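Curious how this folds, go ahead:
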Amino acid sequence: MYADSQAIAPPSPRRVFLGTLATAGLALGGNFLGITGKLLNGVPDVAESLRLDLIYPVGGFKRAYNPEKGYEFVYPADYLGDATMVARAANQREAMNPLDPPALGDVPKPPKIFGQTVQEPQSAFGPMGGTGEENVSVIVSRSPPGGFKLDRFGDAQNQAEWLLANILAPPGSGKTSELFDAYTRTSGGGQKYFTFEYTIKTDAWYRHNVAVFTEKGGRLYTLVAQVPEVDWGRRRDEFRRVADSLKVFVPTG
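Predicted coordinates:
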């Protein structure tokens, strides 16, 4: 037995090192037990600059990045792609390019906001199994010929009041609104972001919203985070973080 044990070659230090390294790489790459996310929590700036938070949650958030449309933002890490809004977008595309002959009579026109035609969201996230009532989404609308400047509607307070009174909860709509906050955030490059916090109430539902509007390169970018009012306290800090994270840039598409 002694002779046999001596005949067994000792493990190669190189193999041990490579095996350990491979195991660590698999654990980090797969975020095993949340290891990668926890490590990145200590270097959030690095995670953001490398956009590692597209894959791994950092500080309770993941990142949505759309270079073709020119925007990015973070959303709660427990959110998934919102299937309800994806279905709505598919239905709208079908309505725009129907296989059946067009119906007789007036065709309803898409809504407008700040004079821009509102499209369905390019990005939408919500809790797993949600109904679409709680979500974060971004809409990109192309400006009409002749250009468009969000500033012409006044400062953040004036814009928010106009939006609520004329678009979101106008008289006779059956909706009531309350504005809680309106402010302007300016990035290092001089880009202005208008942020509004408000509620919309009807006989059927009562929602708390944080909305961000900005304009760049002839496009209006709209981020909206909404949740039932009863759940606002649970999402308050996260939604404010989401709103302040929106960044727009020159799109590739």
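
got the CA positions of stretch 233-248 in CSV?
What follows is stretch 233-248, C-alpha atoms only, in CSV (Å, rounded to 0.1, in the frame of the first residue of the first chain):
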residue,chain,number,x,y,z
GLY,A,233,-44.1,53.6,-0.7
ARG,A,234,-42.5,50.4,-1.8
ARG,A,235,-41.2,51.7,-5.1
ARG,A,236,-40.6,55.4,-4.2
ASP,A,237,-36.8,55.4,-3.9
GLU,A,238,-36.3,53.0,-6.8
PHE,A,239,-38.5,55.1,-9.1
ARG,A,240,-36.6,58.2,-8.3
ARG,A,241,-33.4,56.5,-9.0
VAL,A,242,-34.8,55.2,-12.3
ALA,A,243,-35.8,58.7,-13.3
ASP,A,244,-32.5,60.3,-12.6
SER,A,245,-30.6,57.5,-14.5
LEU,A,246,-32.1,58.3,-17.9
LYS,A,247,-29.4,59.3,-20.4
VAL,A,248,-29.8,60.1,-24.1
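
Just the buried positions in it, please.
Along stretch 233-248, the positions that meet the burial threshold by neighbour count (16 or more other Cβ atoms under 10 Å) are 235, 238-239, 241-243, 245-248. Quick note: C-beta positions are derived from backbone N, CA and C, even for glycine.

Sort out which one of those residues lies nearest Glu134 for me.
Glu134 has its nearest neighbour among the buried residues of stretch 233-248 in Arg235, at 7.5 Å by Cβ to Cβ.

thinking again about what came up before, mind checking which of the buried residues of stretch 233-248 are in strands?
Among the buried residues of stretch 233-248, the members falling in strands (DSSP state E) are 247-248.

As CSV, the buried residues of stretch 233-248 with distance to Ser123 would be great.
Output for the buried residues of stretch 233-248, formatted as CSV (distance: Cβ to Cβ, whole Å):
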residue, distance to Ser123
Arg235, 18
Glu238, 16
Phe239, 15
Arg241, 16
Val242, 12
Ala243, 14
Ser245, 13
Leu246, 11
Lys247, 13
Val248, 13
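
Name the nearest of the buried residues of stretch 233-248 relative to Asp53.
For the buried residues of stretch 233-248, the minimum distance to Asp53 (Cβ to Cβ) is 10.3 Å, reached by Ser245.

ok, the closest one to Gly59 distance?
Distance of Ser245 to Gly59, computed by Cβ to Cβ, to the nearest Å: 11 Å.
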